[in-house]
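Trainee: How does the following fold in three dimensions:
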Amino acid sequence: MELDHLGIDYAFLGGNEVELKSSIPAGLFCQLKENLASFGISIVDNQKDLLVQKIKDAILEMIYSEENPPVSKTSVYLSEKLNLSYGHLTNLFSEETLTTLENYIILQKIERAKDLIIHGEYNLTEIADKLNYSSVAHLSNQFKKTTGLTPSAFQRIVNKRKQAKQISSKQELTSN
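Mentor: Numbers count the residues shown, from 1 in each chain. Now for the predicted structure:
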């Protein structure tokens with residue numbers, strides 16, 4: 001909508017990528033950047049940033065895949081998906097984001113595990129399998145290092161909050 005509103009010619013490349021068909025004046029570019037930022041959208045305007053974003057997108061696609069397990073080795077998946085060596089990808093990612101690719105993957109997997117725990121559709125064994133962990137213990141160790149809680153403790157907190165919310169909702173209904 002913003003591109004159309006500003007009269008900028010563009011093409012969809014798929015997923016969350018858009019390519020501008022021609023260069024635009026600096027003032028219009030700044031306005032576009034500002035307008036998109038209000039929606040939480042950022043413009044990637046250099047090749048390194050673009051590749052880092054493609055790495056992040058590939059990781060999220062891998063982690064949120066419904067295929068079970070999504071991949072056997074992350075390094076092979078990323079290399080094949082992006083058609084570049086894993087060494088090159090990890091070096092560029094670290095250089096541009098100031099964190100390691102491995103750390104980013106762990107953080108994303110733990111966020112996905114938290115989401116799966118909150119929704120309560122899977123037990124910890126199924127979550128570990130879904131996220132391609134070798135065991136529940138491996139998932140638990142990374143979860144605790146990242147969040148400070150074990151998955152079971154996190155699950156108990158989620159359940160207590162759900163119960164408290166249900167009680168609060170029932171009390172509101174009876175008082176009305």
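Trainee: For stretch 155-168, which residues meet the burial criterion?
Mentor: Gln155 (16 or more other Cβ atoms under 10 Å). Just so you know, the C-beta spots here come from the backbone N, C-alpha and C atoms, and that holds for glycine as well.
Trainee: per-residue confidence averaged over that stretch?
Mentor: Averaging pLDDT along stretch 155-168 yields 89.
Trainee: got the contact list for that stretch?
Mentor: Ile117, Ile118, Gly120, Leu124, Leu149 (Cβ atoms under 8 Å, 6 or more residues apart in numbering).
Trainee: same thing with stretch 112-127?
Mentor: Here stretch 112-127 has contacts from 63-64, 130-131, 136, 139-140, 143, 147, 151-152, 154-155, 158, using Cβ under 8 Å, 6+ apart.
Trainee: again with stretch 79-91
Mentor: Leu51, Lys54, Ile55, Ala58, Ser75, Val76, Leu78, Thr100, Leu101, Glu102.
Trainee: Tell me how far the last one lies from Leu131.
Mentor: Just to be clear, that refers to Glu102. Per Cβ to Cβ, to the nearest Å, Glu102 is found 14 Å from Leu131.
Trainee: before we move on, what about the first one?
Mentor: As judged by Cβ to Cβ, Leu51 and Leu131 stand 25 Å apart.
Trainee: just the fifth one next, same as before
Mentor: Distance check for Ser75 against Leu131: by Cβ to Cβ, it reads 16 Å.
Trainee: Extract the residue ranges of this structure that are flagged as low pLDDT.
Mentor: For the chain, the stretches with pLDDT under 70 are 15, 67-72, 176.
Trainee: What residue spans form the domains of it?
Mentor: Using automatic domain parsing, the domain parsing of the chain gives 2-37, 47-165.
Trainee: and the shortest one, how far from the chain's centre?
Mentor: The one in question is domain 2-37. Distance, stretch centre to chain centre, for domain 2-37: 24 Å (Cα atoms, centre = their mean, to the nearest Å).
Trainee: Could I have the CA atoms of stretch 139-157 written out in PDB?
Mentor: In PDB, the C-alpha atoms belonging to stretch 139-157 read as follows (Å, rounded to 0.1, in the frame of the first residue of the first chain):
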ATOM      1  CA  LEU A 139      16.200 -29.300  24.700                       C
ATOM      2  CA  SER A 140      15.900 -28.900  28.500                       C
ATOM      3  CA  ASN A 141      19.600 -27.800  28.900                       C
ATOM      4  CA  GLN A 142      19.400 -25.200  26.100                       C
ATOM      5  CA  PHE A 143      16.000 -24.000  27.300                       C
ATOM      6  CA  LYS A 144      17.300 -23.500  30.900                       C
ATOM      7  CA  LYS A 145      20.500 -21.800  29.600                       C
ATOM      8  CA  THR A 146      18.400 -19.400  27.500                       C
ATOM      9  CA  THR A 147      15.400 -18.700  29.700                       C
ATOM     10  CA  GLY A 148      16.700 -19.500  33.200                       C
ATOM     11  CA  LEU A 149      13.800 -22.000  33.600                       C
ATOM     12  CA  THR A 150      13.400 -25.700  32.700                       C
ATOM     13  CA  PRO A 151      10.700 -26.400  30.100                       C
ATOM     14  CA  SER A 152       8.600 -28.100  32.900                       C
ATOM     15  CA  ALA A 153       8.800 -25.000  35.100                       C
ATOM     16  CA  PHE A 154       7.900 -22.800  32.200                       C
ATOM     17  CA  GLN A 155       4.900 -25.200  31.500                       C
ATOM     18  CA  ARG A 156       3.800 -24.900  35.100                       C
ATOM     19  CA  ILE A 157       3.900 -21.100  35.000                       C
END
